[in-house]
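Colleague: sequence and computational prediction follow.
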Amino acid sequence: MAAQAAAADALPSYADVSPPGGRRNPSGAAKHYVLAQEHLLRSSPSNPSPTTMPPPAAGLAAGALGDRHVVCFLGLPARGKQFMAERLQRYLTFFHGAQCEVFDLSGPELRESDAKVGDALAAYLEAEDASATTQLLRSAEGIDDDSLDRLKKNVDSGRIAILDSSDGFESRDRVWAGTSKTARYEMMKHLSTLRVHVKLLFIEVVVRDDRVVRSFLRSRLTDENMDEAQVQRKLAATERAIRDYGRHFVTIQDDGSEDDLSYVKLIDYGKKVITNNIRGFLLMQIVKYLSHVHPRPRTVYLSRHGQSLYNVEKKIGGNPGITAAGEQYAKWLGKVVPGEVWTTTHHRSPLKDLEDSTDEDEQSCSGRPLFGRLFPCVDLRTGTTSPKPIQPARLWTSTLKRTIDTARHIPHPVLELRDGGVWHQMSPRVYRNLDEIFAGDCEGLTYEEIERTHGDEARLRKRDKLGYRYPRGESYLDLIARLDPLMHELESYKEPLLVVSHQATLRVLYSYLVGGERRDAPKVEIPLHTLIKITWDGWRSIREERIAMEDFTAGLQDDGQKNH
C-alpha cells in the first residue's frame, strides 16, 4: 500500500487555468475522483487490471459530464444581475465541482470588441480537459488514442461560461449582452461554429416595482458617502439612464418567436419564474437555484454547539450532551440572540404593530430604524438590558443533542404579523443535513486512537481531507452534497438566520457563504463558544464579525479538533 501511495504522490498536480477575461474558478480545475482513491486506480499484484475511473463521487460535477454551457444574464440595469451571476458561479463550483468562469463584458480584456469576447469564449470552451484524471488516463497502459478520447469525454466535467457586465450601460449595444432578439440569435450562431457543442441559456431578470430598484440604488449611493442632495441628483441621473436603456432593450419575446431559445425569466426574484426549453440536470439546477436568490441584504449567524463531553475527552462524533461550560454558553446565547439577531433592520418588518415606515419599498434595504414590539435585549458593549424593537428571525439546529441543548435557552415569543398571521420567533427547525460528519468506524475515538488503530486511514485522510471518507462513514464531499438543498432555502430568506451546528458542517457553510475555496473548507477554524456573523447583499462585499463569549472562551480546554 505504501508503494501505491507513493505512486499516487507522483501524479501531476491539478491544473487551474483562468481564460482571458474570465474570473478564476475558486474551486480550481475539475477533479473526477478523490485523492484518497488514487492508489486504487493503479495496478497491483492482486488487481492487475484496475478500474480506470471510479464512479463519480458527490460534488464532483456528475451532472455536467462533457457538456459546455454559456449562461447570459440580461435585463435592465440595477436589478442585481452581477450579484446573481457571481452567486451562481460560487454555487456551481462549490456544490457541484463544475468548472465555471464569469466573463465581464465591461472588463478591461473584453470591453474592446465582441470579437474579443468570442475569442475568449472559444479558448475557454474548446480547451482540452487538463485535470489529473486525463493525465492518469494518458499514463495507463494499453489504451489507444481513440479509446483515450472516448474516456476523456466520459470523465470531462464540462465547462460553464457566465456572461454579465459590471457596467450595463457601457455594454448595452454589445452582441454578447443579448439585449435584442438579433443579438441573441447572433450569439447562437457564433457558438454553433465552435468545435464543441455548447448549450446557451438566457437568464432575464425582471423587477416590476420601480420602488425596489430605487431602494437598491439609494443604498448603493449612501455607501459612497454622498450627502442627501448628491444622492438625489445621482438617483435622478441613474433613473434617466435606466429609462433610456429600456427604450433600446428588447425583452425575450413570449409570442413564440423565440421559443427555440433556452431561457428563464426571473420576475421579482422568484415570485414568478417562466422557463422555456429547459432540459438537462445542470440547467434545471441553475433554474432551481436562481429562483431562490435575491440581492436584498441578509445576515446569517453560525455557532458551534456548546462544549460537549466528547470535546473534553477529545473524541469525535457521537451524540453526547454538553458540559457545564457548554451550558454557560447556551445561557449566554439565549441572552445575546434577542439583542443581536432580532434587531437587524435590513428590511421593513411584516409585524402588524410597527409604525408606518416612510420608505416606499415594502422590502426596504435602507437600514432605517424600525419600530415594533419591544423586547428586553442585552447590549454586548455595555452589558445593560433595555427594550428594543425586534424583527422576525429564524433558527436551524442539527438533530444531535448538543446543538438542541445549546439553543434551548433562546426565547420564542409569538409575534403578530401585518397580514393577521402570527410568527413564532425562532421556532427551531431541526435538520439531519446539519448533523456532524459521520466518522463511521471511528465514531467515539480520539485522533490519537485513530492513528494507532487505523493507521492507513489516518494517512489517507491527511493526504485528502476533503475527499477522504471514513470507513462506513462520510467525507467532506458527502457533507457538501447533503447541505446543497439547504442552501437553496437559505438563499431565499430575508430574515436573519442562526445556525447552531457542528465544526465540519459549519466549515462547509462558512466557506460557501464567504466565498472560500471548498478545498480549504476542512482547514477553517470554527471555535467553540463564538458567534460568527456574516452579512451580504447585492452591491457590497461580504462582512464578517466574530462575537466570542470571552469570559469562558479563554479558559476552554483544547478539544483536539482545531487542526483536524
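Modeller: Received the coordinates, thanks. Just so it is clear, the structure is predicted and the values come from calculations on it, not from any experiment.

Colleague: start and end of stretch 490-502, how far apart?
Modeller: End-to-end distance of stretch 490-502: 17 Å, with C-alpha to C-alpha, to the nearest Å as the criterion.

Colleague: domain assignment for the protein?
Modeller: Using automatic domain parsing, the domains assigned to the chain come out as 2-290, 298-553.

Colleague: mean pLDDT and mean neighbour count added to these, as JSON lines?
Modeller: Bear in mind the C-beta positions are built from the backbone N, C-alpha and C, glycine included. Supplementary listing: these in JSON lines, determined by pLDDT from 0 to 100; neighbours: other C-beta atoms under 10 Å:
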{"stretch": "domain 2-290", "mean pLDDT": "79", "mean neighbour count": "17"}
{"stretch": "domain 298-553", "mean pLDDT": "86", "mean neighbour count": "18"}
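
Colleague: can you give me the helices in the stretch 251-400 of the chain?
Modeller: Residue ranges of the helices in the stretch 251-400 of the chain, as given by DSSP state H, counting those that start in this stretch, are 281-290, 309-313, 324-340.

Colleague: sorry, wrong one. I was asking about the stretch 451-564 of the chain.
Modeller: Under the criterion DSSP H, counting those that start in this stretch, the stretch 451-564 of the chain carries helices at the ranges 455-463, 476-492, 503-514, 550-553.

Colleague: re earlier: turn the helices of the stretch 251-400 of the chain into CSV, columns for distance to His424.
Modeller: Rendered in CSV, the data for the helices of the stretch 251-400 of the chain read as follows (distance: least, C-beta to C-beta, whole Å):
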stretch, distance to His424
helix 281-290, 28
helix 309-313, 31
helix 324-340, 15
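
Colleague: between those helices, which one is nearest to Asp441?
Modeller: Proximity to Asp441, assessed across those by C-beta to C-beta, is greatest for helix 309-313 (16.3 Å).

Colleague: mind saving the C-alpha coords of the closest one as PDB?
Modeller: Output for helix 309-313, consisting of C-alpha atoms alone and laid out as PDB, is shown next (Å, rounded to 0.1, in the frame of the first residue of the first chain):
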ATOM      1  CA  LEU A 309     -18.500  15.800  26.900                       C
ATOM      2  CA  TYR A 310     -16.700  14.400  23.800                       C
ATOM      3  CA  ASN A 311     -14.900  17.800  23.300                       C
ATOM      4  CA  VAL A 312     -13.400  17.400  26.800                       C
ATOM      5  CA  GLU A 313     -12.300  13.800  26.000                       C
END
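
Colleague: roughly how far out does it sit from the chain middle?
Modeller: Centroid separation between helix 309-313 and its chain, computed with C-alpha atoms, centre = their mean, to the nearest Å, is 31 Å.

Colleague: do stretch 208-219 as well
Modeller: When C-alpha coordinates are averaged (C-alpha atoms, centre = their mean), stretch 208-219 and its chain have centres 25 Å apart.

Colleague: returning to what we had before: so which of the helices of the stretch 251-400 of the chain comes closest to Lys81?
Modeller: Using C-beta to C-beta and comparing those, the one that lies nearest Lys81 is helix 281-290, at 10.7 Å.

Colleague: Met188 is nearest to which of the helices of the stretch 451-564 of the chain?
Modeller: When the helices of the stretch 451-564 of the chain are compared by C-beta to C-beta, helix 476-492 sits nearest Met188, at 29.5 Å.

Colleague: measure the nearest residue to Asp464 once chain neighbours are set aside to Lys199 for me?
Modeller: Take Asp464 and drop its neighbours on the chain: the residue closest to it by C-beta to C-beta, 6 or more residues apart in numbering is Leu35, 3.3 Å away. Look at Leu35 and Lys199: by C-beta to C-beta, to the nearest Å, they are 31 Å apart.

Colleague: which elements pack onto the longest helix anywhere in the chain?
Modeller: Longest helix in the chain, counting residues (DSSP state H): helix 228-248. In terms of contact count using 3 or more C-beta pairs under 8 Å, 6 or more residues apart in numbering; DSSP states H and E, helix 228-248 is assigned the packing partners helix 210-222.

Colleague: report the beta-bridge partners for the nearest residue to Thr275 once chain neighbours are set aside.
Modeller: Residue nearest to Thr275 in three dimensions, not counting chain neighbours: Val264, with 5.3 Å by C-beta to C-beta, 6+ apart. According to DSSP bridges, Ile203, Thr275 are recorded as the beta-bridge partners of Val264.

Colleague: for Val264, give me its contacts.
Modeller: Contacts for Val264 (C-beta atoms under 8 Å, 6 or more residues apart in numbering) come out as Leu201, Phe202, Ile203, Glu204, Val273, Ile274, Thr275, Asn276, Ile278, Ile286, Val287, Leu290.

Colleague: distance to Arg87 for those - can I get that in JSON lines?
Modeller: Shown next, in JSON lines, are the contacts of Val264 (distance: C-beta to C-beta, whole Å):
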{"residue": "Leu201", "distance to Arg87": "16"}
{"residue": "Phe202", "distance to Arg87": "17"}
{"residue": "Ile203", "distance to Arg87": "12"}
{"residue": "Glu204", "distance to Arg87": "16"}
{"residue": "Val273", "distance to Arg87": "16"}
{"residue": "Ile274", "distance to Arg87": "20"}
{"residue": "Thr275", "distance to Arg87": "19"}
{"residue": "Asn276", "distance to Arg87": "22"}
{"residue": "Ile278", "distance to Arg87": "19"}
{"residue": "Ile286", "distance to Arg87": "11"}
{"residue": "Val287", "distance to Arg87": "14"}
{"residue": "Leu290", "distance to Arg87": "8"}
